[in-house]
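**Student:** structure for the following, please:
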Amino acid sequence: MSNDIEICYSKSNTYPVNPNNEQAFATFQQDNPHINSAFVSAGTPFIMRNGASNGSNWRK
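**Tutor:** Okay, the predicted model is just below:
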């Protein structure tokens, strides 16, 4: 597993990435298929990548 990911928990009802950044938003959705709404409820676990991402699947 890649070392550039973190397991996080949402502290508020906001999206942790900018939806206007298409690459970051697509990567976030790929990494977090359980989040399918316009916001992330407080306390929801999610995966965040650190730094630049090449869009590869971290599960491989």
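**Student:** what residues are up against the residue nearest to Asp31 when sequence neighbours are not counted?
**Tutor:** Nearest non-adjacent residue to Asp31, counting by C-beta to C-beta, 6 or more residues apart in numbering: Ile47, 4.3 Å away. All C-beta spots, glycine's among them, are computed from the backbone N, C-alpha and C. The neighbourhood of Ile47, defined by C-beta atoms under 8 Å, 6 or more residues apart in numbering, consists of Ile5, Glu6, Ile7, Cys8, Asp31, Asn32, Trp58.
**Student:** let's see that with 6 Å instead.
**Tutor:** Ile5, Asp31, Asn32 (C-beta atoms under 6 Å, 6 or more residues apart in numbering).
**Student:** do Phe46 as well
**Tutor:** Cys8, Asn32 are the contacts of Phe46 under C-beta under 6 Å, 6+ apart.
**Student:** swap in 10 Å and give it another go.
**Tutor:** Phe46 sits next to 6-10, 15-17, 28, 31-32, 34-35, 40 when contact means C-beta atoms under 10 Å, 6 or more residues apart in numbering.
**Student:** filter those down to the buried ones, ChimeraX style.
**Tutor:** Entered in ChimeraX, the line below selects the buried ones among those, by 16 or more other C-beta atoms under 10 Å:
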select :10,15,16,17,28,31,32,35,40
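**Student:** could you list which of the contacts of Phe46 belong to helices?
**Tutor:** The helices in this structure, assigned by DSSP state H, contain Phe28, Asp31 from those.
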